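**Student:** the following comprises the amino acid sequence and a computationally predicted model.
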Amino acid sequence: MTDEYMNYPTIFSITEADLDINDLLAQITLTGTGAAAIFTGMVRGETRRDDPHETVYLEYEAYVPMAEAKMKQVAEEIRQKWPTVEGIAIVQRVGRLYPKTPTVLIACTAAHRDTGVFEAARYGIDRLKEIVPVWKKEVGPGGEEWVEGDYLPKPKDRP
Amino acid sequence: MTDEYMNYPTIFSITEADLDINDLLAQITLTGTGAAAIFTGMVRGETRRDDPHETVYLEYEAYVPMAEAKMKQVAEEIRQKWPTVEGIAIVQRVGRLYPKTPTVLIACTAAHRDTGVFEAARYGIDRLKEIVPVWKKEVGPGGEEWVEGDYLPKPKDRP
Amino acid sequence: MNRIKVLFFATLRDRAGTKSVDLEIPAETTVQRLKNLVVDEYPGLKETMDTVVISINREFAFDESVVPENAEVAMFPPVSGG
Amino acid sequence: MNRIKVLFFATLRDRAGTKSVDLEIPAETTVQRLKNLVVDEYPGLKETMDTVVISINREFAFDESVVPENAEVAMFPPVSGG
């Protein structure tokens, strides 16, 4: 990160703990912050699209040191694209997670809401699902199965 | 609201209490929910854009029964435009609020993130700032001043 | 004559010096006419009337709207919440 | 010969039956060649190799990349977090 962003907080973590959105938001709120866009994903107990099925729980695992490095890269890409973004939090929860549980969070703050925070958060979650090494195994009433991603990294996905 | 939305939670409130995002999100997370987009606004202690100034605190007031009715209308407009949205929470905090404090929240949930949740949350906050009767007085080092909105409602802003 | 209540918010409350007033107005009074009656009572509100927002029974109303008996009218500046 | 460590994640760990293996490989071995060496050792991984993702020292690597001494290599399926 360049000096320009020195005072802008960037949080990234892989954790087994509950996501505390109030606390994460407070950590990326600065004196000049007036807006935050936050995305969270949850475990669906019931999926209707594509291949409809029920889920008992998901088991998440991560290649932790690489996942942290790639989260940092996602944050840096966001700052390059939306220099008005102030704070960024990227958190992936791992372990056994049941339906309705928030599993992932991307939050971006800025002075004003019309400076790209929504787009930045959307970009962050899309990018996390491409390059951050985390996988989930789905356990349903009829057995278990690894969820297949479909993005193959390219040389441009290195920082 | 039509029967189609019967089981979809809609929360709207004007409150003097802290916004508890974790709790609000849990209230609009259903078994089929996999994604949430949340917007929060905070009191800026320091504003750089347009007329730069410092803020000691903001004093919010609302025309409560009409504000609740208009929040309900905003939620219904969201459901008309994005029928895939499941839960909606719209909360405005009022009273004396200091810098860094979250003052407003719009959250929309859906099964998947690519079904309009980001756009729905963005629409919700834009609309709240047009038609929900809430006002704020800004108190700074040099005195106090009502913040002026600039949207004049039109007949189409009735439900 | 119809009895109505008028509520003032934000700058309008400050300028009127009161949160609300009970008024008796002629039947079939329009919002436009009501604004004039209110300004007669509270001259300090005159310059707010160009951008005032009016609601009747908690719904936006416009100059030609007729104010019904027992209406709860509110007068306020463009909203600035969030 | 270079000593390296190879980590397996998700389906690849299940199929290999181990989380990691220490290997000795010739100097200048490419990722493409390493995949073949690993499949020789763990034939169950053969059909995962078309869509495997490889990292060297926690950064994406590609078929022509050379695996350096003491590398931490990881082999995993396309990511599915979130």
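**Tutor:** Happy to help now that I have it.
**Student:** show me what contacts A:G95?
**Tutor:** A:16, A:59-60 (CB atoms under 8 Å, 6 or more residues apart in numbering or on different chains). All C-beta atoms are positioned from the backbone trio N, CA, C, and that covers glycine.
**Student:** ok, now C:D63?
**Tutor:** C:30-32, C:35.
**Student:** which members of those residues are classed as buried?
**Tutor:** Burial by neighbour count, 16 or more other CB atoms under 10 Å in any protein chain shown: within those this picks out C:31, C:35.
**Student:** find the pair from the contacts of C:D63 with maximum spatial separation.
**Tutor:** By the measure CB to CB, C:T30 and C:K35 form the most distant pair in the contacts of C:D63, at 9.0 Å.
**Student:** still on that earlier bit, output the contacts of C:D63 in JSON lines; the columns should cover pLDDT.
**Tutor:** Rendered in JSON lines, the data for the contacts of C:D63 read as follows (pLDDT from 0 to 100):
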{"residue": "C:T30", "pLDDT": "98"}
{"residue": "C:V31", "pLDDT": "98"}
{"residue": "C:Q32", "pLDDT": "98"}
{"residue": "C:K35", "pLDDT": "98"}
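**Student:** of the contacts of C:D63, which is the nearest to B:Y8?
**Tutor:** Out of the contacts of C:D63, the member with the shortest distance to B:Y8 (by CB to CB) is C:V31, at 35.9 Å.
**Student:** follow-up on the earlier one: restricted to strands, list the contacts of A:G95.
**Tutor:** A:59-60 (DSSP state E).
**Student:** which residue does chain C bring closest to chain B?
**Tutor:** Relative to chain B, the nearest point of chain C is C:G81 (2.7 Å; CB to the nearest CB).
**Student:** can you count the residues close to residue 10?
**Tutor:** Going with chain A. The local packing of A:T10 (other CB atoms under 10 Å in any protein chain shown) involves 19 other residues.
**Student:** wrong one, chain C
**Tutor:** When counting by other CB under 10 Å, one arrives at 25 neighbours for C:A10.
**Student:** and A:W146, backbone torsions?
**Tutor:** phi -70, psi 140 (degrees, to the nearest 10).
**Student:** that one against D:P77, yeah?
**Tutor:** Yes. With contact defined as CB atoms under 8 Å, A:W146 reaches D:P77; the gap is 7.0 Å.
**Student:** between those two, which is the more surrounded one?
**Tutor:** Taking neighbours as other CB under 10 Å, A:W146 and D:P77 compare with D:P77 leading, 20 against 16.
**Student:** coming back round to it: shared neighbours, A:W146 and D:P77?
**Tutor:** Common neighbours of A:W146 and D:P77 (CB under 8 Å, 6+ apart) are A:135, D:10-11.
**Student:** mind listing what the residue of chain C found nearest chain D touches?
**Tutor:** Closest to chain D within chain C is C:G82: 29.4 Å, counting by CB to the nearest CB. When contacts are counted by CB under 8 Å, 6+ apart, C:G82 is found next to B:41, B:92, B:103-104, B:125, B:128-129, B:134.
**Student:** put together a markdown table for those residues, with secondary structure, pLDDT and neighbour count on each row.
**Tutor:** Below are the contacts of C:G82 laid out as a markdown table (DSSP: H, G, I helix; E, B strand; the rest coil; pLDDT from 0 to 100; neighbours: other CB atoms under 10 Å in any protein chain shown):
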| residue | secondary structure | pLDDT | neighbour count |
| --- | --- | --- | --- |
| B:G41 | strand | 98 | 24 |
| B:Q92 | strand | 98 | 25 |
| B:T103 | strand | 98 | 22 |
| B:V104 | strand | 98 | 24 |
| B:I125 | helix | 98 | 21 |
| B:L128 | helix | 98 | 24 |
| B:K129 | helix | 98 | 20 |
| B:V134 | strand | 98 | 29 |
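**Student:** so which of the residues you listed are also by chain C?
**Tutor:** Restricting the contacts of C:G82 to those touching chain C (CB under 8 Å from any CB of the partner chain) yields B:41, B:92, B:103-104, B:125, B:128-129, B:134.
**Student:** and the residues you listed as a markdown table, adding distance to A:A69?
**Tutor:** Formatted as a markdown table, the ones next to chain C among the contacts of C:G82 follow (distance: CB to CB, whole Å):
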| residue | distance to A:A69 |
| --- | --- |
| B:G41 | 33 |
| B:Q92 | 40 |
| B:T103 | 36 |
| B:V104 | 35 |
| B:I125 | 34 |
| B:L128 | 39 |
| B:K129 | 39 |
| B:V134 | 43 |
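**Student:** now stretch A:27-36: average pLDDT?
**Tutor:** Rounded to a whole number, the mean pLDDT of stretch A:27-36 is 97.
**Student:** that one vs chain B: in contact?
**Tutor:** Yes. Contact of stretch A:27-36 with chain B is found when judged by CB under 8 Å from any CB, involving A:29-36.
**Student:** right, is that stretch up against chain C?
**Tutor:** No. Using CB under 8 Å from any CB, stretch A:27-36 stays clear of chain C, coming no nearer than 9.0 Å.
**Student:** start to end distance for that stretch?
**Tutor:** Stretch A:27-36 has an end-to-end distance of 12 Å (CA to CA, to the nearest Å).
**Student:** check the secondary structure at the nearest residue to C:R58 once chain neighbours are set aside for me.
**Tutor:** Using CB to CB, 6 or more residues apart in numbering or on different chains and skipping residues adjacent in sequence, the residue nearest C:R58 is B:M66, 3.9 Å away. Recorded secondary structure, B:M66: helix (DSSP: H, G, I helix; E, B strand; the rest coil).
**Student:** alright, I will stop here.
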